[in-house]
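S.K.: Have a look; sequence and predicted model below, questions after that.
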Amino acid sequence: MSADGARAHVLILGGTTEARRLAEALTSDPAYRVTTSLAGRVSAPVLPPGEVRIGGFGGPGGLAAWITGHRVSHLVDATHPFAERMSFNAARAAALSGVPLLALRRPGWSPGPGDDWHFAGSLTEAAVRLPELGGRAFLTTGRMGLHTFAHLADTWFLVRSVDPPDPPVPPRLEVLLARGPFTLEDERELLARHRIDVLVTKDSGGCATAPKLTAAREAGIPVLVVRRPPVPEGVAAAESVAAALEWLTAARA
Ligand code: NAP
């Protein structure tokens, strides 16, 4: 089913590499009109090809109205696995507007031989568990949740983010402004130079494993992994851009 007679209009809820890759693939096909939506959290985002809109919709009702008003034919939730609210908004907006929805969600990570992983159900729980695991932490959970660790005065933190974090932040903190991807060599060097003894990460997933996880295993340091939040039930899901393209092809037939 197409939105303007010939072309399908795909709205991609973005903010991830997969969202950008999907936009790249779809814009090379004239059968699709593509709009990517970004939350506007990053000051200078890497923009995907196609149309881009930035900023919140004002909840599920606002998103549903945008979908109807812009004759969107397919909705793809390609937000980060930890963007919990937006995934539930997408499910509600799809139900309200009657537009088919696909969740493009990369598979999570699993520990392998030699890994010393510990799990937390949330950032708050990670902040409780962290002091028992190490005193020099490499925190890769993003600048938005940094306030959760702000009360940990005895832990030294290395935080890596694209934009500088806002207060409150932990008192003993070094911020490294950088945008990934990072190589295994980068991560090895970082852990050694800062004498890191614990890594904190969200289970963002992606490739089979991430260089920071491999570097932690090699260095013999524990990893505190924050588990993923719940996802809305009954939503079609794809784990890769290729699978999302197949879903779109089938949904248009
Ligand atoms: P969130 O808590 O699930 O969403 C909060 C609000 O931000 C939503 O209610 C929505 O506002 C707006 N929003 C979120 N994603 C949007 C999008 N793609 N387009 C337009 N509005 C959006 O989300 P979050 O965890 O703050 O993440 C924000 C963005 O950063 C997401 O696009 C996500 O893909 C990306 N990101 C998040 C993480 C992470 O760890 N959470 C990591 C990397 C990238 P309205 O209700 O007003 O529509």
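M.R.: Received it, and whenever you're ready, just let me know what you need.
S.K.: Output the set of residues of this structure in proximity to the ligand.
M.R.: For the chain, the residues in contact with the ligand (C-beta under 6 Å from any ligand atom) are 13-16, 37-39, 41, 56-59, 62-63, 79-80, 82-86, 89, 142, 202. Every C-beta, even on glycine, is put in place using the N, C-alpha and C of the backbone.
S.K.: of all of the stretch 151-253 of the chain, which residue lies closest to the ligand?
M.R.: The nearest approach of the stretch 151-253 of the chain to the ligand comes at K202, 5.8 Å away (C-beta to the nearest ligand atom).
S.K.: Filter the residues of the chain next to the ligand down to the buried ones, PyMOL style.
M.R.: If you want just the buried ones from the residues of the chain next to the ligand in PyMOL, going by 16 or more other C-beta atoms under 10 Å, the selection is:
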select buried, resi 13+14+15+16+37+38+39+57+63+79+80+82+83+86+89+142+202
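S.K.: Just list the residues touching the residue most central in space within the chain, thanks.
M.R.: Nearest to the mean C-alpha position of the chain, by C-alpha atoms, centre = their mean, lies H80 at 2.4 Å. Shown in contact with H80 (C-beta atoms under 8 Å, 6 or more residues apart in numbering): 15-16, 204.
S.K.: C-alpha coordinates for stretch 7-24, PDB please?
M.R.: Only the C-alpha atoms of stretch 7-24 are listed here, as PDB (Å, rounded to 0.1, in the frame of the first residue of the first chain):
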ATOM      1  CA  ARG A   7       5.500   5.700  -3.300                       C
ATOM      2  CA  ALA A   8       5.500   4.300   0.200                       C
ATOM      3  CA  HIS A   9       6.300   6.900   2.800                       C
ATOM      4  CA  VAL A  10       8.400   5.300   5.600                       C
ATOM      5  CA  LEU A  11       8.900   7.200   8.800                       C
ATOM      6  CA  ILE A  12      12.000   6.000  10.600                       C
ATOM      7  CA  LEU A  13      12.300   6.800  14.300                       C
ATOM      8  CA  GLY A  14      16.000   7.200  14.400                       C
ATOM      9  CA  GLY A  15      19.000   7.900  16.600                       C
ATOM     10  CA  THR A  16      21.000   4.700  15.800                       C
ATOM     11  CA  THR A  17      23.400   3.400  13.100                       C
ATOM     12  CA  GLU A  18      20.700   1.000  12.000                       C
ATOM     13  CA  ALA A  19      18.300   3.800  11.400                       C
ATOM     14  CA  ARG A  20      20.800   5.600   9.200                       C
ATOM     15  CA  ARG A  21      21.700   2.500   7.300                       C
ATOM     16  CA  LEU A  22      18.000   1.800   6.600                       C
ATOM     17  CA  ALA A  23      17.500   5.400   5.400                       C
ATOM     18  CA  GLU A  24      20.500   4.900   3.100                       C
END
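S.K.: what ranges do the helices span in the stretch 1-150 of the chain?
M.R.: Ranges of helices within the stretch 1-150 of the chain are 17-27, 59-69, 84-97, 123-133, based on DSSP state H, counting those that start in this stretch.
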